[in-house]
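*Asks:* take a look and give me a structure for this.
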Amino acid sequence: MDDASRWSKLKPLEGPRWPIRCGHVFSAEDLVRLREGLWPRDMDDRWAVHLDGDTLRCWRSWTGTCIYESQVTLAEDGTGVAVVVDVLDDGDTYRRAATDEGELERFEGVLSQVRRRDSEGDALAGVSIVQEA
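*Replies:* Coordinates of the predicted model:
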């Protein structure tokens with residue numbers, strides 16, 4: 001399956017949203033990698049991440065559920081910033097962290113995959129996000 005087919009099967013964030021101010025800054029290199037997307041290679045990879053235009057989405061790989069969605073404001077120098085991230089606020093589907101700060105740590109953990117990508121595209125090596133029970 002090619003990348004375009006993969007991304008077209010994943011839906012935007014659906015359901016109630018919990019907006020959190022984040023101010024996450026992306027380098028131009030981060031944005032290039034996000035546009036390529038981070039696709040799970042095996043069952044241990046828990047997230048799919050993709051920047052489509054100016055919309056960043058992060059899905060749980062097993063369910064295809066969009067957990068995070070954010071508009072990225074692009075600058076002329078190729079960098080960008082996500083001022084607010086919307087988090088799925090449906091307790092039956094996703095259990096948010098107890099605090100906004102905790103949820104932002106989870107979001108940042110997912111985004112750290114972008115920086116871990118090496119020259120061979122091993123973006124998800126060593127990354128796992130643990131959710132509260």
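
*Asks:* helix, strand, or coil at Gln113?
*Replies:* helix (DSSP: H, G, I helix; E, B strand; the rest coil).

*Asks:* surely it meets Ala48?
*Replies:* No. Gln113 is beyond contact range of Ala48, at 9.9 Å (criterion: CB atoms under 8 Å). Placement of C-beta: from N, CA and C, glycine included.

*Asks:* joint contacts of those two?
*Replies:* Counting by CB atoms under 8 Å, 6 or more residues apart in numbering, the contacts common to Gln113 and Ala48 are Leu38.

*Asks:* tell me the bridge partners for Val49.
*Replies:* Val49 has the following beta-bridge partners by DSSP bridges: Leu38, Cys58.

*Asks:* just give me the neighbour total for it.
*Replies:* Using other CB atoms under 10 Å, Val49 has 22 neighbouring residues.

*Asks:* so it sits against Thr55, correct?
*Replies:* No. Counting by CB under 8 Å, Val49 stays clear of Thr55, with 11.8 Å between them.

*Asks:* what sits against Pro16?
*Replies:* So Pro16 contacts Leu88, Asp89, Asp90 (CB under 8 Å, 6+ apart).

*Asks:* wait, the last one sits on Trp18?
*Replies:* Put plainly, it is Asp90. No. In this structure, Asp90 is not within contact of Trp18 by CB under 8 Å, at 9.6 Å.

*Asks:* the two: who's more crowded?
*Replies:* Comparing Asp90 with Trp18 by other CB under 10 Å, the one with more neighbours is Asp90, at 17 against 14.

*Asks:* name the element the more buried one belongs to?
*Replies:* In the assignment (DSSP states H and E), Asp90 maps to no helix and no strand.

*Asks:* quick one: secondary structure of the residue nearest to it when sequence neighbours are not counted?
*Replies:* Counting by CB to CB, 6 or more residues apart in numbering, Asp90 lies nearest to Gly15, which is 4.6 Å off, once chain neighbours are set aside. For Gly15, the assignment made with three-state DSSP gives coil.
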